[in-house]
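In: Build me a model:
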Amino acid sequence: MVTAKKPPPPITVRHVIRLSWKLLIVFSVALCLLALYRLHSQPDLYSPSSSLSRARSRIARHSVGFAGPAKIAFLFLARRDLPLDFLWESFFENAGGALNFSIYIHSAPGFVFDESTTRSRFFHGRQLPNSIQVGWGESTMIEAERLLFATALEDPANQRFVLLSDSCVPLYNFSFIYNYLMASPRSIVDSFLDVKEGRYNPKMSPIIPKKKWRKGSQWIALVRRHAEVLVDDEVMLPVFKKFCRRRPPVDTRKGKLNLKLQKPHNCIPDEHYVQTLLAMSELDGELERRTLTYTLWNNSPNKTESKGWHPMTFNHASAAPQKIREIKEINHVYYETEYRTEWCCINSNAVPCFLFARKFSKGAAMRLLSEGVVGHFDTAALLKPSP
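Out: Residues are numbered from 1 along each chain as shown. Just a heads-up that it's a prediction; the model follows:
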């Protein structure tokens with residue numbers, strides 16, 4: 001006996017409406033998830049990494065055979081303005097034209113160098129449009145440095161790159177500094193083993209092994225190839241941002257809480273990043289391992305720390321000709337942690353160690369000008385009202 005199959009129940013209007021609502025909800029959720037994904041995956045146009053990526057894409061990579069006049073890129077890392085602009089005006093005025101140098105300034109976001117903010121025409125419009133807010137002892141300092149190098153690399157004529165602070169002064173005229181830097185095929189980077197201060201965080205391993213950990217002055221001079229290495233890094237910077245942080249100063253009001261706050265490693269990113277990056281890139285052998293910028297250090301307490309090394313500021317009295325001569329006569333540097341004496345040479349020829357010095361007050365800079373260190377200058381011009 002064959003049993004007849006029951007016909008399927010009729011599809012009611014209620015079922016159609018319910019199914020339509022379910023499909024609509026699923027489709028809406030899918031659209032929301034897609035929108036969130038695109039929102040998070042799209043780079044922030046104002047973030048340092050995005051600014052660096054855009055600058056990196058504009059870099060002229062094939063400049064090995066560059067045939068024009070080679071330039072030195074002067075990279076100024078400033079808090080706001082350049083208080084010693086009048087000295088640098090004289091320095092660049094005696095450069096014999098703008099074909100052999102270029103200027104880039106990282107300043108506070110939104111600050112513009114023009115007739116109202118600087119005495120020197122050489123600085124007009126030279127600020128980076130994508131500058132970021134920088135904190136001392138924070139990774140933003142090295143992000144700002146990378147932005148300077150990336151922007152300067154866009155010009156294939158820039159073959160040497162010198163990083164300077166807003167309190168730096170030149171110790172020689174432009175011609176001497178230009179010939180000094182162009183004669184050397186090496187970058188000049190203060191770099192030595194850091195074995196005493198315990199700034200290395202074991203959590204950096206294995207990306208950054210301890211044997212590659214270096215320390216040195218942030219005031220560096222790079223050849224073009226090494227500047228590209230700095231800008232191209234996408235591996236070490238995230239590690240530094242996560243594990244290399246400045247320890248907060250001791251606050252007596254916090255009592256025992258200070259013990260907890262002082263436990264993390266006290267790491268100053270700008271004193272380690274470039275040195276360690278170049279060591280990780282196996283470029284130690286291509287460096288003059290010293291700095292070009294003289295700093296007078298004082299081991300005494302300051303307002304935020306009970307003890308530590310701090311750069312002293314030169315004033316009019318301490319910038320006497322005898323002191324400047326002593327700095328310019330230094331021909332070697334001793335590195336205690338490596339038992340190493342670094343004799344200052346360019347192509348095996350003995351040279352002065354320092355081309356620049358910091359930290360100089362306006363009075364000290366005026367004295368350099370009056371002594372004719374950077375070239376002829378009429379100091380009476382400084383009596384004019386500042387802009």
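In: Roughly how far does A144 sit from D114?
Out: 21 Å (Cβ to Cβ, to the nearest Å). Heads up, the C-betas are built off the backbone N, CA and C, glycines and all.
In: and the residue nearest to the spatial centre of the chain, what element?
Out: By Cα atoms, centre = their mean, the chain has its centre lying nearest to E145, at 2.0 Å. For E145, the host element (DSSP states H and E) is helix 140-152.
In: Give the other helices and strands that that helix contacts.
Out: helix 48-57, strand 71-77, strand 101-106, strand 158-165, helix 224-232, helix 236-243, helix 273-280 (3 or more Cβ pairs under 8 Å, 6 or more residues apart in numbering; DSSP states H and E).
In: what does the fourth one rub up against?
Out: The contact list for strand 158-165, computed with Cβ atoms under 8 Å, 6 or more residues apart in numbering, reads 63, 66, 70-78, 102, 145, 148-149, 152, 181-182, 218-224, 227, 292-293, 356, 358-359.
In: related to what we said a few turns ago, could you name the stretch from the helices and strands packed on helix 140-152 that's closest to L19?
Out: helix 48-57 (44.2 Å; Cβ to Cβ).
In: and P109, how many neighbours does it have?
Out: 14 (other Cβ atoms under 10 Å).
In: cool, F113 as well?
Out: 23.
In: can you give me the helices for the chain?
Out: Applying DSSP state H to the chain gives helices spanning 13-41, 48-57, 85-93, 140-152, 174-183, 224-232, 236-243, 257-261, 273-280, 321-328, 362-370.
In: Any chance of a markdown table for the helices and strands packed on helix 140-152, columns distance to S187?
Out: Converted to a markdown table, these look like this (distance: least, Cβ to Cβ, whole Å):
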| stretch | distance to S187 |
| --- | --- |
| helix 48-57 | 19 |
| strand 71-77 | 13 |
| strand 101-106 | 18 |
| strand 158-165 | 9 |
| helix 224-232 | 5 |
| helix 236-243 | 17 |
| helix 273-280 | 8 |
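In: what's the closest of the ones you listed to P206?
Out: Closest among the helices and strands packed on helix 140-152, using Cβ to Cβ: helix 236-243, at 10.5 Å.
In: Identify each buried residue in that closest one, please.
Out: M236, L237, V239, F240, F243 (16 or more other Cβ atoms under 10 Å).
In: quick one: average pLDDT of that helix?
Out: Summarised as a single mean, pLDDT over helix 236-243 is 95.
In: the inter-axis angle of it versus helix 224-232?
Out: 50 degrees (axes from the mean of the first three to the mean of the last three Cα atoms, to 10 degrees).
In: Centre of the chain to helix 236-243, how far?
Out: Computed by Cα atoms, centre = their mean, to the nearest Å, the chain-centroid distance of helix 236-243 equals 15 Å.
In: ok, and what's touching that helix?
Out: With Cβ under 8 Å, 6+ apart, helix 236-243 has contacts from 139, 142-143, 146, 201, 203-204, 207-208, 265, 267, 269, 272-273, 276-277, 280.
In: Let me see the mean pLDDT of the helix holding E145.
Out: Rounded mean pLDDT across helix 140-152 is 98.
In: Give me the residues contacting it.
Out: By Cβ under 8 Å, 6+ apart, helix 140-152 touches 48, 51-52, 55-56, 59, 73, 75, 77, 102, 104, 106, 128, 130-135, 158, 161, 163, 218, 222, 227, 230-231, 233, 237, 240, 269-270, 273-274.
In: what are the ranges of the strands in the stretch 251-387 of the chain?
Out: 287-288, 293-295, 297-299, 309-311, 332-335, 340-343, 345-346, 349-350, 356-358 (DSSP state E, counting those that start in this stretch).
In: Which pLDDT does the model give F377?
Out: 45.
In: same deal with K6?
Out: At K6, pLDDT is 58.
In: wait, what's in contact with F113?
Out: F113 touches D81, L82, I105, S107, F123, H124, G125, R126, Q127, counting by Cβ under 8 Å, 6+ apart.
In: what's the closest non-adjacent residue to I72?
Out: Leaving aside its chain neighbours, I72 sits nearest to R160 (4.6 Å; criterion: Cβ to Cβ, 6 or more residues apart in numbering).
In: Roughly how far does the one you found sit from F149?
Out: Taken as Cβ to Cβ, the span from R160 to F149 is 12 Å.
In: can you check S131 too?
Out: Taking Cβ to Cβ, one finds S131 at 14 Å from F149.
In: Between A144 and D114, which is the more surrounded one?
Out: Ranked by neighbour count (other Cβ under 10 Å), A144 and D114 place A144 first, with 22 against 12.
In: low-scoring stretches of the chain, by residue?
Out: 1-16, 32-65, 196-197, 248-264, 299-309, 375-387 (pLDDT under 70).
In: okay, S131 and F149: which has more neighbours?
Out: F149 (27 against 20).
In: Just give the nearest non-adjacent residue to that one, would you?
Out: A227 (4.9 Å).
In: residues in contact with the one you found?
Out: By Cβ under 8 Å, 6+ apart, the neighbours of A227 are F149, A152, L153, F161.
In: Likewise for I324?
Out: L171, L368, E371, V373.
In: ok, how many other residues are close to the last one?
Out: Other residues near V373 come to 22 when the count uses other Cβ under 10 Å.
In: Hmm, F174 and it touching each other?
Out: No. With contacts counted by Cβ atoms under 8 Å, V373 stays clear of F174, the gap being 11.6 Å.
In: residues contacting the closest residue to Y172 other than its chain neighbours?
Out: With Cβ to Cβ, 6+ apart as the criterion, Y172 has its nearest non-adjacent residue at 6.1 Å, and that residue is L355. L355 makes contacts with P170, L171, Y172, F176, I177, Y180, L181, L292, T293, as judged by Cβ under 8 Å, 6+ apart.
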